[in-house]
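**Q** After the sequence you'll find the predicted model.
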Amino acid sequence: FNTTLFELKDTPVTLLSICIFIFFLIGFTYLGSFVKRILNNKVLPRFIKDPGLRFTLSRMTQYVVMIIGMLVSFLFVGVDLTGLAVIFGFLSVGIGFGLQNITSNFISGLIVLFERPISIGDRVLVNDIEGDVQEINIRSTTVRSINNISVIVPNSEFISKNVVNYSYGDPTYRLVIDVGVAYGSDLDLVLKALNEVAEESESILHTPKHDVHLRSFGDSSWNMKLIVWVGNVKEHYSILNELNQAIVRKFRAYDIEIPFPQRDINFRNAMPKNEEVKGEKKEVKSGE
């Protein structure tokens with residue numbers, strides 16, 4: 001165990017010192033996770049209400065503990081600051097050759113934690129995946145999709161690409177419901193019905209006030225839009241379903257027709273059945 005394997009700036013590195021280094025490194029890693037858990041679950045909730053800020057502070061504390069642990073581990077086995085400079089020099093060469101992706105995700109993770117473009121619990125849309133941010137780690141972020149699937153997204157995706165954060169700053173959401181009505185309908189009655197649907201709903205915000213618009217004329221319908229505001233973007237799918245059902249019931253009560261596309265085909269100047277074409281007549285013989 002005390003046999004010298006190699007030297008770093010005149011400091012002998014033995015198998016025993018490597019084992020001690022790994023032991024300390026693992027110990028400080030677990031200590032960092034423990035400190036993060038205590039801060040996030042017990043200490044910070046007493047002073048900070050924002051769960052995203054609590055997570056950021058506890059995660060950064062974990063990183064600080066791990067960095068201190070790494071330095072202590074190196075110093076304990078006899079590797080001084082000069083030796084550390086050599087080690088980091090080797091690491092920089094490795095980064096240059098094959099660790100760019102890991103380094104990019106790590107730095108992006110720090111940017112995400114400090115700038116907080118996303119926070120724990122935010123509803124986001126990234127890479128066509130809509131879901132809630134569950135955890136922000138060193139290399140990646142876990143997003144739980146609306147289909148209850150955990151998706152691991154590299155942190156660099158949140159920095160280098162366009163990301164929609166529905167919860168950033170204001171969690172309210174503008175919900176637009178499209179519905180078509182037959183051309184023969186009473187327009188004033190249609191407007192009244194849609195306004196009543198919004199006014200009777202207890203799931204939407206009544207400030208800002210809802211709007212009802214006739215947006216366009218389709219092939220077989222007036223295309224109406226009911227625009228409402230939802231207090232929490234995460235609830236907009238269930239509220240959309242609720243309002244759609246309310247519209248169907250209200251239209252039936254007022255005898256308002258929701259049309260479906262249809263085509264009328266008219267034949268003009270059709271030939272009589274037995275008319276011969278240009279005096280020619282075709283005969284079909286049996287067996288042919």
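**A** Structure received.
**Q** pretty sure residue 132 is touching residue 123, no?
**A** Yes: Residue 132 lies in contact with residue 123 (C-beta atoms under 8 Å); the separation is 5.6 Å. Any C-beta I mention is one placed from the backbone N, CA and C, and that applies to glycine too.
**Q** now the strands for the stretch 51-200 of the chain?
**A** 123-126, 129-136, 140-145, 150-154, 164-165, 173-181 (DSSP state E, counting those that start in this stretch).
**Q** Columns distance to residue 242 and mean neighbour count on top of those strands, output as CSV?
**A** Formatted as CSV, the strands of the stretch 51-200 of the chain follow (distance: least, C-beta to C-beta, whole Å; neighbours: other C-beta atoms under 10 Å):
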stretch, distance to residue 242, mean neighbour count
strand 123-126, 19, 20
strand 129-136, 19, 17
strand 140-145, 22, 18
strand 150-154, 28, 15
strand 164-165, 24, 14
strand 173-181, 11, 17
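**Q** Take the ones you listed and lay them out in CSV including distance to residue 116 and mean pLDDT.
**A** Output for those, formatted as CSV (distance: least, C-beta to C-beta, whole Å; pLDDT from 0 to 100):
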stretch, distance to residue 116, mean pLDDT
strand 123-126, 13, 93
strand 129-136, 10, 91
strand 140-145, 12, 93
strand 150-154, 16, 93
strand 164-165, 10, 92
strand 173-181, 20, 95
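**Q** wait, which of these is closest to residue 64?
**A** With C-beta to C-beta as the measure, strand 129-136 is the member of the strands of the stretch 51-200 of the chain nearest residue 64 (16.1 Å).
**Q** Next, the contact list for the closest residue to residue 124 other than its chain neighbours, please.
**A** Of all residues not flanking residue 124 in the chain, residue 165 sits nearest, at 5.2 Å (C-beta to C-beta, 6 or more residues apart in numbering). For residue 165, the contacting residues are 117-118, 122-124, by C-beta atoms under 8 Å, 6 or more residues apart in numbering.
**Q** ok, now how distant is residue 165 from residue 113?
**A** To residue 113, residue 165 is 15 Å away according to C-beta to C-beta, to the nearest Å.
**Q** Next: residue 183.
**A** Distance from residue 183 to residue 113, by C-beta to C-beta: 56 Å.
**Q** In terms of neighbours, single out the busier of those two.
**A** residue 113 (20 against 13; other C-beta atoms under 10 Å).
**Q** Quick one: residues contacting the more buried one.
**A** With C-beta under 8 Å, 6+ apart, residue 113 has these contacts: 56, 59-60, 136.
**Q** mind checking pLDDT for it?
**A** For residue 113, the model assigns a pLDDT of 81.
**Q** again with residue 11
**A** For residue 11, the predicted pLDDT is 65.
**Q** rewinding a little: can the strands of the stretch 51-200 of the chain go into TSV with extra columns for distance to residue 234?
**A** Compiled in TSV, the strands of the stretch 51-200 of the chain are given as follows (distance: least, C-beta to C-beta, whole Å):
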stretch	distance to residue 234
strand 123-126	5
strand 129-136	7
strand 140-145	11
strand 150-154	16
strand 164-165	13
strand 173-181	9
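**Q** Tell me how the protein divides into domains.
**A** Per the record, the chain has its domains at 4-98, 123-165, 173-253, by automatic domain parsing.
**Q** Now tell me which of the ones you listed the model trusts least on average.
**A** For the domains of the chain, where the average pLDDT is lowest is domain 4-98, sitting at a mean of 77.
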